[in-house]
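A.B. asks: Sharing a sequence plus its predicted fold:
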Amino acid sequence: SQLGYARYGKDNVRLYKVEKDAKTGVHTVIEQTVRILLEGDIETSYTKADNSVVVATDTQKQTTYILAKQHPISPPEQFAAVLGDHFINTYPHIHAAHVKIIQHRWTRLSVDGKPHPHSFYRDGEEIRVVESVTREGEGVSIRSKIEKLLVLKSTGSAFHGFHRDEYTRLPETWDRILSTEIEAGWQWKLFKSLEEVKKVDFNAAWQAARDITLDIFAKDDSASVQATMYKMCDEILAAVPLVEAVDYALPNKHYFEIDLSWHKGLKNTGKDATVFAPQSDPNGLIQCTVVRK
Ligand SMILES: O=c1[nH]c(=O)c2nn[nH]c2[nH]1
């Protein structure tokens, strides 16, 4: 046998950092979950029980906290690049660092109609995700994501004109509920250095991608999930020049009509449908990646 794949590190490193503005007393909080996986000349730790090449996963955890203290952790793309840069520059035998950062939502509470200086709430399970690979002699590859952003529209979605044959039962519809859990990603151009990464406004890009996604979801008179997600990709590419590709993976979370006509002729289908059965499974799954021409 021989080693075909090897990377190791610490997963689920939970991290919280608060910034306190001395003048205003306003606190800003960020919470992240970090995964680090290292690659390099580490084969002998697998094949020869040679631990001399192992930068312990605990060391990677301690390093994460130290670098979080010494550097900004927002935007998460930048902190991922700081972590990656550290590991390939500190250890000659480590040649690549894979860093995943999940950023959780702490949205500032409004109290008495005003933003509260130090109180926050978790407004949904939506997460912001960064997946980066810092590779010696190549640079920093960064992919940013929005996940678990659950949306629903009660009209403004249709699905008709699809292929029909002896296997097709689905009726055409000109007015349906559309619900999905947004999973969107955007791949940045390859950055040559940490310095180059530090010049990019990743937070503005994330805000733009999120705003475009929600705006088009709401406004598009959707002919299908496919058609709507393509418009989202197209607009994000136009809005963020340093992004090379945008992708979506959208589950189609179905809401089925319930025919109640058996009960005294109760009308609840077609234009009379108001009571529906939300389906947990099966779900459609529509995926695409859109690149520049
Ligand atoms: O938007 C949709 N796309 C599809 O491909 C599909 N198939 N069934 N329902 C669907 N809705």
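C.D. replies: Received it, and whenever you're ready, just let me know what you need.
A.B. asks: I'd say Ser154 and Ile177 touch.
C.D. replies: Yes: if you go by CB atoms under 8 Å, Ser154 and Ile177 touch, sitting 5.8 Å apart. Heads up, the C-betas are built off the backbone N, CA and C, glycines and all.
A.B. asks: Near the residue of the stretch 51-200 of the chain found nearest the ligand, how many other residues are there?
C.D. replies: Using CB to the nearest ligand atom, the single residue of the stretch 51-200 of the chain nearest to the ligand is Phe159, 4.4 Å away. Here the number of neighbours of Phe159 (other CB atoms under 10 Å) works out to 20.
A.B. asks: Then Ser132?
C.D. replies: Neighbour count of Ser132, defined by other CB under 10 Å: 25.
A.B. asks: Check for me that it belongs to a helix.
C.D. replies: No: under the criterion used here (DSSP: H, G, I helix; E, B strand; the rest coil), Ser132 is strand, not part of a helix.
A.B. asks: Work out for me the element the nearest residue to it once chain neighbours are set aside sits within.
C.D. replies: For Ser132, ignoring the flanking residues on the chain, the nearest one in space by CB to CB, 6 or more residues apart in numbering is Ala80 at 4.0 Å. Per DSSP states H and E, Ala80 falls inside helix 76-90.
A.B. asks: buried stuff in that helix?
C.D. replies: For helix 76-90, burial by neighbour count (16 or more other CB atoms under 10 Å) applies to 76-88.
A.B. asks: Residues in contact with the next helix or strand after that helix: which ones?
C.D. replies: For helix 76-90, the succeeding helix or strand toward the C-terminus, using DSSP H and E, is strand 94-104. Contact partners of strand 94-104, identified using CB atoms under 8 Å, 6 or more residues apart in numbering, comprise 7, 9, 30-42, 55, 74, 76, 79-81, 83-84, 86-88, 122, 127-136.
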